[in-house]
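Enquirer: kindly generate the corresponding structure for this input.
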Amino acid sequence: MAEFFDDTIAAISTAMTASGIGIVRVSGPDAFLIADRVYKGKHDKKLADQKANTIHYGWITGDKGEILDEVLVMLMKAPHSYTGENTVEIDCHGGVIAMKKILEQLLRNGARPAEPGEFTKRAFLNGRIDLSQAEAVMDIISAKNEYALQSSVKQLQGSVQREIRSIREKLIYQIAFIESALDDPEHISVDGYGEELLPIVQQARAEILRLIASADKGKMISEGIKTVIVGKPNAGKSSLLNVLSGEEKAIVTDIAGTTRDVVEETINVRGITLRLLDTAGIRESDSKVEQIGIQRAREHAQDADLILYVVDGSAPLDENDDQIMELIRHKKSIVLLNKTDLALCVAPEVLGDKTGAPVIGISARENQGIEALEECIREMFFQGEISFNDEVMITNLRHKHALEEASAALSMVENSILDGMPEDFFTIDMMGAYEALGRILGESLGENLVNEIFSKFCTGK
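Expert: Okay, the predicted model is just below:
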């Protein structure tokens, strides 16, 4: 495979912290030559003369021949490496100074510092992976839970790529047929072809819409469910946040209105990531500061994936509760009847009738009812389980936008067919859909966008 780069890059690929092992990676046409300049093995063997996919024991030496560290060196030859280039990985001791010394020595001997994500960028540009797989690499690194990790691994293995390529193959076949018929009308007829094309276009659009529909679920799995805790002052919202997070994240007092601003915490509930937001208690207030906090609570509730409405079960409902119930109406919500360890003044049935949401009795102070809440969240969002056996989920906003553009283009093809428009109208919009889908794989992307995508990667990956 042809290489796109004539220089060789190097970077530390493990975290810059004290650890058992550190990895310094070198990739490019001169990777073996540069490694030989700093490596000393037994019997003075040269790395460039060794077989691919082998590991060698030795030392990295400084300018004066002094030993910098004892290492294992792994050799991978193009095109059978992550980047598609000659690659050397130096496994050294994980001290920050040791790794820096080895990297500095490589840079002094011909390598240049890798830019963020440049190893993966080279893998993409050298044809080892497409852009959807490259983006999955970063998703794996930043996965917040097991399900996000599984989804990202499937994308790295090509799940999204296969779906997109299948749709594009169907479209390009039809485009090629119509173009050929228009160029050679004497031998290829397109009479009545719109009727034959319509179900093909409709099926392709249905497949795209299915992928778009998976984006909300994919976003929640990868980024977490935005969960806003609302309720009156002193209902137990901050206590709930502390119980769920396992830490004293929010100040809890008997003074109403203690929480003035939003307190945010990310937690993992049975493998599902929740982005918890504890908000100011909603009530009528003359305090300008508290009013700002209440307004923020309302704003966060508007775009929440889930609302946890905490009710003080030891006090009667009032007009503030009525406002909150109106706020959460028609939204995905769970009502938490708190302080069940005390005498209750509110019946669960009343709350259920007024909100239409499931009601769970809890005691944040006594840590009761939390398991029931966790199970309710799991059932509410994922019907009790998440399976990745055959499902392909879109977790990248860039992919979703491209799919929406492709869907709109195919909708125009459908309209053109139904309106009896000439066949060349079909190909224009089908090509638009084809190109939009291609951007997911990295085709027809400008250099600036490619650079922007990889700039978000960590250095050394």
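
Enquirer: all contacts plus neighbour counts: C-alpha atoms, from now on.
Expert: Fine.

Enquirer: please, where are all the helices along the stretch 151-300 of the chain?
Expert: 159-183, 193-223, 237-245, 288-302 (DSSP state H, counting those that start in this stretch).

Enquirer: and the shortest one, average pLDDT?
Expert: Model confidence over helix 237-245, given as mean pLDDT, is 84.

Enquirer: from the chain's centre, how far out does it sit?
Expert: Centroid separation for helix 237-245 versus its chain: 26 Å, with Cα atoms, centre = their mean, to the nearest Å.

Enquirer: in terms of mean pLDDT, which of the helices of the stretch 151-300 of the chain ranks lowest?
Expert: Looking at those, the weakest mean confidence is helix 288-302, a mean of 75.

Enquirer: what helices or strands is that one leaning on?
Expert: For helix 288-302, the packing partners by 3 or more Cα pairs under 8 Å, 6 or more residues apart in numbering; DSSP states H and E come out as strand 225-231, helix 319-328.

Enquirer: how about it: buried residues?
Expert: Residues of helix 288-302 classed as buried by neighbour count (16 or more other Cα atoms under 10 Å): Glu290, Gln291, Gly293, Ile294, Arg296, Ala297, Arg298, His300, Ala301.

Enquirer: TSV for the residues you listed, including distance to Val230?
Expert: What follows is these, written out as TSV (distance: Cα to Cα, whole Å):
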residue	distance to Val230
Glu290	14
Gln291	14
Gly293	12
Ile294	10
Arg296	11
Ala297	7
Arg298	9
His300	10
Ala301	8
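
Enquirer: Ile23 reaches Thr17, doesn't it?
Expert: No - Ile23 is beyond contact range of Thr17, at 11.9 Å (criterion: Cα atoms under 8 Å).

Enquirer: which of the helices of the stretch 151-300 of the chain sits most buried?
Expert: helix 237-245 (a mean of 23; mean count of other Cα atoms under 10 Å).

Enquirer: re the thing from before, now render the helices of the stretch 151-300 of the chain as TSV, adding distance to Thr87.
Expert: Output for those, formatted as TSV (distance: least, Cα to Cα, whole Å):
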stretch	distance to Thr87
helix 159-183	26
helix 193-223	31
helix 237-245	43
helix 288-302	48
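
Enquirer: returning to that earlier point: counting neighbours, go ahead and name the busier of Ile23 and Thr17.
Expert: Taking neighbours as other Cα atoms under 10 Å, Ile23 and Thr17 compare with Ile23 leading, 23 against 12.

Enquirer: beta partners for the more buried one?
Expert: Ile23 forms beta bridges with Asp91, as assigned by DSSP bridges.

Enquirer: that one: what's it in contact with?
Expert: Taking Cα atoms under 8 Å, 6 or more residues apart in numbering, we find Ile23 in contact with Ile12, Ser13, Thr14, Glu89, Ile90, Asp91, Cys92, Gly94, Met99.

Enquirer: of all the helices of the stretch 151-300 of the chain, which lies closest to Gln368?
Expert: Of all the helices of the stretch 151-300 of the chain, helix 237-245 sits nearest to Gln368, with 9.9 Å by Cα to Cα.

Enquirer: just the C-alphas of stretch 171-185, formatted as PDB.
Expert: Taking Å, rounded to 0.1, in the frame of the first residue of the first chain, the C-alpha atoms of stretch 171-185 are listed here in PDB:
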ATOM      1  CA  LEU A 171     -27.800   3.900  -4.800                       C
ATOM      2  CA  ILE A 172     -24.700   4.000  -7.100                       C
ATOM      3  CA  TYR A 173     -26.000   1.000  -9.100                       C
ATOM      4  CA  GLN A 174     -29.200   2.800  -9.800                       C
ATOM      5  CA  ILE A 175     -27.400   6.100 -10.600                       C
ATOM      6  CA  ALA A 176     -25.000   4.200 -13.000                       C
ATOM      7  CA  PHE A 177     -28.000   2.500 -14.700                       C
ATOM      8  CA  ILE A 178     -29.900   5.800 -15.300                       C
ATOM      9  CA  GLU A 179     -26.700   7.600 -16.500                       C
ATOM     10  CA  SER A 180     -26.000   4.700 -18.900                       C
ATOM     11  CA  ALA A 181     -29.500   4.800 -20.300                       C
ATOM     12  CA  LEU A 182     -29.500   8.500 -20.800                       C
ATOM     13  CA  ASP A 183     -26.200   8.200 -22.700                       C
ATOM     14  CA  ASP A 184     -27.400   5.300 -24.800                       C
ATOM     15  CA  PRO A 185     -31.200   5.500 -25.100                       C
END
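
Enquirer: what about the strands in the stretch 351-461 of the chain?
Expert: 359-361 (DSSP state E, counting those that start in this stretch).

Enquirer: what are the ranges of the helices in it?
Expert: Counting by DSSP H, counting those that start in this stretch, the helices of the stretch 351-461 of the chain are 370-382, 397-418, 423-441, 447-455.

Enquirer: dump these into JSON lines; add mean neighbour count, mean pLDDT and distance to Asp312 as well.
Expert: Shown next, in JSON lines, are the helices of the stretch 351-461 of the chain (neighbours: other Cα atoms under 10 Å; pLDDT from 0 to 100; distance: least, Cα to Cα, whole Å):
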{"stretch": "helix 370-382", "mean neighbour count": "16", "mean pLDDT": "83", "distance to Asp312": "16"}
{"stretch": "helix 397-418", "mean neighbour count": "19", "mean pLDDT": "95", "distance to Asp312": "39"}
{"stretch": "helix 423-441", "mean neighbour count": "21", "mean pLDDT": "91", "distance to Asp312": "49"}
{"stretch": "helix 447-455", "mean neighbour count": "13", "mean pLDDT": "78", "distance to Asp312": "47"}
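
Enquirer: what's the closest of these to Met220?
Expert: Comparing the helices of the stretch 351-461 of the chain by Cα to Cα, helix 370-382 comes nearest, at 9.2 Å.

Enquirer: how far out from the middle of the chain is the closest one?
Expert: Taking mean C-alpha positions (Cα atoms, centre = their mean), helix 370-382 and its chain are 23 Å apart.

Enquirer: which other residues reach the helix or strand containing Gln105?
Expert: Counting by DSSP states H and E, the element that carries Gln105 is helix 96-108. Contacts to helix 96-108, defined as Cα under 8 Å, 6+ apart, come from residues 10-12, 16-18, 22-24, 34-35, 38, 60, 62-63, 68-69, 92-93, 113.
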